[in-house]
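Visitor: after the sequence you'll find the predicted model.
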Amino acid sequence: MALTSGKAHTSSEFENELQELRRLILELGAKVESMMAKSIESLTRRDSDIAQTVIESDQEVNQLEVDVNELSLQVMALRQPTSVDLRFITTGVKIASDLERVGDLAVNVCERALELNEEPPLKPYIELPRMASSSSQMLRESLDSFIKEDVVLARKVMASDDEVDDMNEELFRELLTYMLDNPRNISRATRLTFISKYFERIADHATNIAEAVLFMVEGRNPRRELV
């Protein structure tokens, strides 16, 4: 998008640019949510075709992040936004970065799923889908809090992070027993441990987004409040 100089812009032009930035972020969020859903489906159904589809879609996510960054830089350079608008733009850049990382983690899940599909299942997948569901809900609610500028919902997301951390620790302990019981389980159990960690990191990125929303709306860094 080519922008005119800051002096020449009208309020309607500036608003259109902010709306385009919002649209790009929401498109990126929808794409990443779809990748997450397909990644756990590829694991539980042992479907390598779905996994490959997710891996191939990562480039689209990367490009959307580039689009967000480029538009944000242009708007900041040429419009010189202040206060609320500036916080919205910088928050958008931060959210896009976290979403891109979630996309990478969905790809990581699929890469481990492809490896697991080469061997018999170690155990029924019960905990991982629960973790995936909790992480997905956190991501969805963090994006909703951005759309609605809802600080109550953002704080709810932040409070949910410990639950996913606990799931990750519980599953790690269980998988460790599989590894200790039989060395032949180590390869598969290790890959499942990686996947569990990926979903825990996705929850962390959802928390980052929620924190960014609090900064956007209230102008305060929630992490500093914890110091």
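Guide: Okay, I see it. No experiment lies behind these values; they were computed from the predicted model shown.

Visitor: worst-scoring helix or strand of the protein, pLDDT-wise?
Guide: helix 222-225 (a mean of 64; mean pLDDT, DSSP states H and E).

Visitor: in the chain, which spans are strands?
Guide: Assigned strands in the chain: none (criterion: DSSP state E).

Visitor: residue ranges for the helices of it, please.
Guide: Using DSSP state H, the helices found in the chain span residues 11-44, 48-79, 83-116, 127-148, 151-181, 186-218, 222-225.

Visitor: low-confidence stretches in this protein?
Guide: Counting by pLDDT under 70, the ranges of the chain that qualify are 1-10, 223-227.

Visitor: and if we set it to 50?
Guide: 1-8, 227 (pLDDT under 50).

Visitor: about what we covered before: in a markdown table, list the helices of the chain along with mean neighbour count.
Guide: (Glycine included, C-beta is placed from N, CA and C.) Converted to a markdown table, those look like this (neighbours: other Cβ atoms under 10 Å):
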| stretch | mean neighbour count |
| --- | --- |
| helix 11-44 | 18 |
| helix 48-79 | 17 |
| helix 83-116 | 21 |
| helix 127-148 | 20 |
| helix 151-181 | 16 |
| helix 186-218 | 22 |
| helix 222-225 | 11 |
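
Visitor: show me what contacts Asn69?
Guide: Contact partners of Asn69, counting by Cβ atoms under 8 Å, 6 or more residues apart in numbering, are Val93, Ala96.

Visitor: distance of it relative to Leu78?
Guide: To Leu78, Asn69 is 15 Å away according to Cβ to Cβ, to the nearest Å.

Visitor: can you check Ile55 too?
Guide: Distance, Ile55 to Leu78, by Cβ to Cβ: 37 Å.

Visitor: how about Val217?
Guide: Val217 is 25 Å from Leu78, by Cβ to Cβ.

Visitor: test my guess that Glu17 contacts Pro81.
Guide: No. With contacts defined as Cβ atoms under 8 Å, Glu17 does not count as touching Pro81, sitting 9.6 Å away.

Visitor: OK, contacts around the residue nearest to Leu122 when sequence neighbours are not counted?
Guide: In this structure, Leu122 finds its nearest non-sequential neighbour in Arg188, 4.2 Å apart by Cβ to Cβ, 6 or more residues apart in numbering. Under the criterion of Cβ under 8 Å, 6+ apart, the neighbours of Arg188 are Leu116, Glu119, Leu122.
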